[in-house]
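S.K.: Below is the sequence, then the predicted model.
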Amino acid sequence: MDFLKRCSNFFFGMECLGCGSTSEYLDPWFCPDCKAKLQQAGKEPRFPNENTACLFPLDQRTRRLVHALKYRSLSGVASYLVRQSSLTKGGILAGCVEEWAQPLVFVPVPLHPARYRERGYNQAERIAAALATITGGQVRRLLRRRSFKVSQTKLHRDEREWNVAGAFTEVPAVKFPAHGTIVVVDDVFTTGATTGACISALSKCISLDIKVCTLLFDEPASAAMDFAADQNHVWDYH
């Protein structure tokens with residue numbers, strides 16, 4: 001265990017991603033205090049509508065973790081957050097998911113190929129894989145992204161809907177599930193424009209119930225402030 005901790009500190013540094021303090025007890029990204037607060041936040045998932053579940057509210061800690069997932073190539077953050085959520089240990093979200101028709105088919109929101117080449121992986125796929133591991137579900141790539149205009153974080157509600165309108169379509173010749181529940185997976189739910197566009201594309205090909213599950217829920221009114229803060233924050237990519 002000590003060897004693994006030393007390796008983690010070597011690769012990821014000893015700064016807590018939650019509060020920025022230096023600690024020898026990272027796991028590997030959060031200090032004990034931030035981990036405890038993260039687990040507490042995980043006990044209060046958000047439900048923006050009857051078909052959408054978000055594992056955590058967006059706050060300083062969860063926001064920094066998701067940005068590390070997206071921009072610092074720390075893909076393991078996806079499974080880390082899922083394990084700390086109420087989806088585990090009989091929490092609130094676990095009870096909700098148990099009511100969904102089985103099997104659960106997790107469909108990650110696809111990245112445009114250009115963005116995939118830039119990032120090296122699709123964070124939604126990593127989240128979907130973590131969700132499938134916890135619930136016994138499966139991950140299917142049923143959608144592809146055929147257009148990308150600008151990042152959703154830069155836009156207001158109406159602009160977000162326009163930005164992703166018609167952006168997604170089914171993967172050619174794919175076999176769609178005949179039973180269970182389709183769960184569209186993304187990192188952050190703000191207005192629902194992106195996941196809504198995915199649901200629209202899937203609804204043309206399938207008649208199963210479609211749910212949405214994301215790591216974070218970001219209040220739409222705060223999205224612009226979050227984007228501004230992202231631009232002002234200096235990330236250490238080394």
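M.R.: Yep, it's here. Residues are numbered from 1 along each chain as shown.

S.K.: what helix or strand does the spatially most central residue of the chain sit in?
M.R.: In the chain, the centroid-proximal residue (C-alpha atoms, centre = their mean) is D187; its distance is 2.2 Å. Using DSSP states H and E, the element containing D187 is strand 181-189.

S.K.: how about the helix or strand just after that strand as CSV, C-alpha atoms only?
M.R.: Counting by DSSP H and E, the next helix or strand C-terminal to strand 181-189 is helix 193-203. Taking Å, rounded to 0.1, in the frame of the first residue of the first chain, the C-alpha atoms of helix 193-203 are listed here in CSV:
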residue,chain,number,x,y,z
ALA,A,193,-29.9,20.3,-24.2
THR,A,194,-27.2,17.8,-25.0
THR,A,195,-28.8,14.8,-23.4
GLY,A,196,-32.2,15.9,-24.8
ALA,A,197,-30.7,15.9,-28.3
CYS,A,198,-29.4,12.3,-27.7
ILE,A,199,-32.8,11.2,-26.5
SER,A,200,-34.4,12.7,-29.6
ALA,A,201,-32.1,10.7,-31.8
LEU,A,202,-32.6,7.5,-29.9
SER,A,203,-36.4,7.8,-29.8
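
S.K.: State the mean pLDDT of helix 193-203.
M.R.: For helix 193-203, mean pLDDT is 93.

S.K.: and the angle from the following helix or strand past it to strand 181-189?
M.R.: Counting by DSSP H and E, the next helix or strand C-terminal to helix 193-203 is strand 209-217. Calculated by axes from the mean of the first three to the mean of the last three C-alpha atoms, to 10 degrees, strand 209-217 forms an angle of 20 degrees with strand 181-189.

S.K.: Neighbouring strands - and their directions - for strand 209-217?
M.R.: Within its sheet, and counting by DSSP bridges, strand 209-217 is paired with strand 52-57 (parallel), strand 181-189 (parallel).

S.K.: contact partners of it?
M.R.: 46, 48, 51-58, 62-63, 66, 78, 81-82, 100-101, 106, 127, 131, 181-189, 192, 195, 199, 202-203 (C-beta atoms under 8 Å, 6 or more residues apart in numbering). Just so you know, the C-beta spots here come from the backbone N, C-alpha and C atoms, and that holds for glycine as well.

S.K.: from the chain's centre, how far out does the strand holding D187 sit?
M.R.: 8 Å (C-alpha atoms, centre = their mean, to the nearest Å).

S.K.: ok, C96 - how many residues close by?
M.R.: 16 (other C-beta atoms under 10 Å).

S.K.: Backbone dihedrals for it, please?
M.R.: phi -70, psi -50 (degrees, to the nearest 10).

S.K.: got a list of what it touches?
M.R.: Here C96 is in contact with A53 (C-beta under 8 Å, 6+ apart).

S.K.: about what we covered before: give me the buried subset of the contacts of strand 209-217.
M.R.: Neighbour-count burial (16 or more other C-beta atoms under 10 Å) is assigned, among those, to 46, 48, 51-58, 62-63, 66, 78, 81-82, 100, 106, 127, 131, 181-189, 192, 195, 199, 202.

S.K.: Show me the strands in the protein, by range?
M.R.: Remark: strands assigned in the chain by DSSP state E are 46-49, 52-57, 104-108, 138-139, 143-145, 168-170, 181-189, 209-217.
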